[in-house]
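Participant: sequence first, then the predicted structure:
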Amino acid sequence: MITLWEGSVALYRIRCAVTGKCYFGITRNPIAVRWAQHRKEARAGRFDTVLYRAIRAHGHENFTIAAEQVYATAGEAQLAEREAIIANSTLAPGGMNSSTGGESWAGRRVTDEVRAKISKAKKGKRLSPEAVAKSAAARTGIKATDAARASHRRAMKDSAVRAACIAPLLIHRNSPMRLRKASETMRKLWLQPEFRQAQADRLRELNRRRQEAKRLREESTPPPRTRHEAMLERWSDDAYRDRMVNMLQARETSPERVAHLRALTEARRGRPLTAEHKAAIAAALTGRKRGPYKRKEKPLADADVGAAAGGRR
């Protein structure tokens, strides 16, 4: 597979499977893009060349295109194009080349003045209804063959070809003219009662589906458990409870922990609390309510029991 690099020019050959005739050309674009341009020009019918007449007569699916060689400059490519046309006798009527080659636009540079003149000449011009109808009639009913679809899929795998095809679509999609036309079309549609009713029905159905999906999701999802319920479930497992009890007993009775606690006790003994420590304790306890403690009743002695009984009399 021949690969183009920036600034390079490729010499390519187009061959017709029906007649066996060939065409040589040069391009700076990827071969798939150049072949798409040839097919588009043949459908449009703006250029009456031997190649485009053959494509319209036999169908583009009966043509193959392949790169022959890549050259670093346009001059080298133009010279190779002339030599290929002469060597392979592809000048009409023996082939599909209309000239001896070398007059390609591959090496030309359009100045800013020429670009401005072309833009000024084409700006504001619109195709006549007859031209639009003729172009639409020429494209109506055209269906791509399986071979053409396969060739298109192979071409679209190239990222450069894909970007070249998508860029004009993005520009057209966001153009002010297209947005204005879309706004006018929607305004006309919303004036029709049938369209408004259809949109209202569609929105109601969409809302119903969303509510149904939400209800099914809530029914299938169990309610979230509280932390207390989760801990009760975990501690109901005998294996987990035994493991935690053994771990806590080992932690409490380990010599290292006992020594550590004794060292902390000795270090804190007799040391007064600082003002910051007292403030932190007060802030932590502020607003907290004491629990409903039950007062423990002391057992009464025998003398107290007698005195209580006499008082009740």
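Facilitator: All right, it came through fine.
Participant: which residues of this structure score low on pLDDT?
Facilitator: Where the chain drops to pLDDT under 70, the residues are 1-7, 102-111, 171-174, 251-253, 289-313.
Participant: for it, longest helix please?
Facilitator: The helix spanning the most residues in the chain, taking DSSP state H as the definition, is helix 193-220.
Participant: where does residue 26 fall, phi/psi-wise?
Facilitator: Recorded main-chain torsions at residue 26 are phi -130, psi 150, according to degrees, to the nearest 10.
Participant: look up how far residue 9 lies from the residue nearest to it when sequence neighbours are not counted.
Facilitator: Leaving aside its sequence neighbours, residue 26 sits nearest to residue 77 (CB to CB, 6 or more residues apart in numbering; 4.4 Å). Any C-beta I mention is one placed from the backbone N, CA and C, and that applies to glycine too. Residue 77 is 4 Å from residue 9, where distance means CB to CB, to the nearest Å.
Participant: and for residue 215?
Facilitator: Look at residue 215 and residue 9: by CB to CB, they are 65 Å apart.
Participant: these two: which is more packed in?
Facilitator: Higher neighbour count among residue 215 and residue 9: residue 9, with 24 against 10, using other CB atoms under 10 Å.
Participant: residue boundaries of the helices in the stretch 1-150 of the chain?
Facilitator: Secondary structure of the stretch 1-150 of the chain by DSSP state H, counting those that start in this stretch: the helices cover 31-44, 50-58, 74-88, 112-122, 129-139, 146-156.
Participant: quick check: buried residues in the second one?
Facilitator: When neighbours are counted by 16 or more other CB atoms under 10 Å, the buried residues of helix 50-58 are found to be 50, 51, 52, 54, 55.
Participant: enumerate every residue touching the closest residue to the last one other than its chain neighbours.
Facilitator: Nearest residue to residue 55, sequence neighbours excluded (CB to CB, 6+ apart): residue 42, at 3.9 Å. For residue 42, the contacting residues are 51, 52, 55, 56, 60, taking CB atoms under 8 Å, 6 or more residues apart in numbering as the criterion.
Participant: ok, residue 281 next?
Facilitator: Residue 281 is in contact with residue 273, counting by CB under 8 Å, 6+ apart.
Participant: how far does the helix or strand hosting it sit from its chain's centre?
Facilitator: Using DSSP states H and E, residue 281 maps to helix 275-285. Helix 275-285 has its C-alpha centroid displaced from the chain centroid by 55 Å (CA atoms, centre = their mean, to the nearest Å).
Participant: surely residue 52 is in contact with residue 41?
Facilitator: Yes: here residue 52 reaches residue 41: they are 6.0 Å apart, a contact under CB atoms under 8 Å.
Participant: Serialize the contacts of residue 42 to TSV and add fields for distance to residue 158.
Facilitator: Formatted as TSV, the contacts of residue 42 follow (distance: CB to CB, whole Å):
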residue	distance to residue 158
51	23
52	24
55	22
56	27
60	19
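Participant: of the residues you listed, closest to residue 263?
Facilitator: In terms of CB to CB, no member of these lies closer to residue 263 than residue 60, at 91.6 Å.
Participant: quick check, the closest one in contact with residue 147.
Facilitator: No: assessed by CB under 8 Å, residue 60 is found out of contact with residue 147, at 9.4 Å.
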